[in-house]
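> Next come a sequence and a model predicted from it.
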Amino acid sequence: HVQLVESGGGLVQAGGSLRLSCAASGRTFNIMGWFRQAPGKDREFVGRINWSGGSTYYADSVAGRFTITRDNAKNTVYLKMNSLKPEETAVYYCAGIRYGSNTYEYWGQGTQVTVAT
């Protein structure tokens, strides 16, 4: 049974930081991505990491402020978010692309991040 479980969301003041976690189980992944969806808006790509090599790629809106890392021993991917803005209030999701695929087939349940003014 494949599971992606996010944690670490919560309420933070504007300019503050949070670190989200995504624990994966049930299979290995080639790429792990982070997405977010604000109320009334489309889901937005935040960034991704290649599980094996650790290379990362970020949306322009978060580059330089957000960092994705992974812990192979714990099968966990992290999203460290700095200098958060109120407009980044959203549900944050992690998702996985298995080897041999090019789509995010597996998704977590999401974790709420609220950035207060």
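That came in fine, so what should we check first? Numbers count the residues shown, from 1 in each chain.

> from here on, contacts and neighbour counts on C-alpha atoms
Will do.

> what's near enough to touch residue 84?
13, 14, 15, 16, 17, 115 (C-alpha atoms under 8 Å, 6 or more residues apart in numbering).

> same thing but 10 Å
12-18, 62, 65-66, 113-116 (C-alpha atoms under 10 Å, 6 or more residues apart in numbering).

> And for residue 15?
Neighbour list for residue 15: 81, 82, 83, 84, 85, 86, 115, 116, 117 [criterion: C-alpha under 10 Å, 6+ apart].

> Just name the closest of the contacts of residue 84 to residue 45, please.
Taking C-alpha to C-alpha as the measure, residue 45 sits nearest to residue 62 out of the contacts of residue 84, at 10.0 Å.

> Let's verify that closest one: helix, strand, or coil?
Here residue 62 is recorded as coil under DSSP: H, G, I helix; E, B strand; the rest coil.

> And the closest residue to it other than its chain neighbours, how close does it get to residue 31?
Take residue 62 and drop its neighbours on the chain: the residue closest to it by C-alpha to C-alpha, 6 or more residues apart in numbering is residue 46, 6.9 Å away. Here residue 46 is placed at a distance of 13 Å from residue 31 (C-alpha to C-alpha, to the nearest Å).

> wait, residue 1 sits on residue 27?
Yes. Residue 1 lies in contact with residue 27 (C-alpha atoms under 10 Å); the separation is 8.2 Å.

> Which one's more surrounded, those two?
For residue 1 against residue 27, the residue with the higher neighbour count under other C-alpha atoms under 10 Å is residue 27, and the figures read 12 against 5.

> roughly how far apart are the more buried one and residue 99?
Distance from residue 27 to residue 99, counting by C-alpha to C-alpha: 10 Å.

> now residue 110
Between residue 110 and residue 99 the distance is 23 Å, computed by C-alpha to C-alpha.
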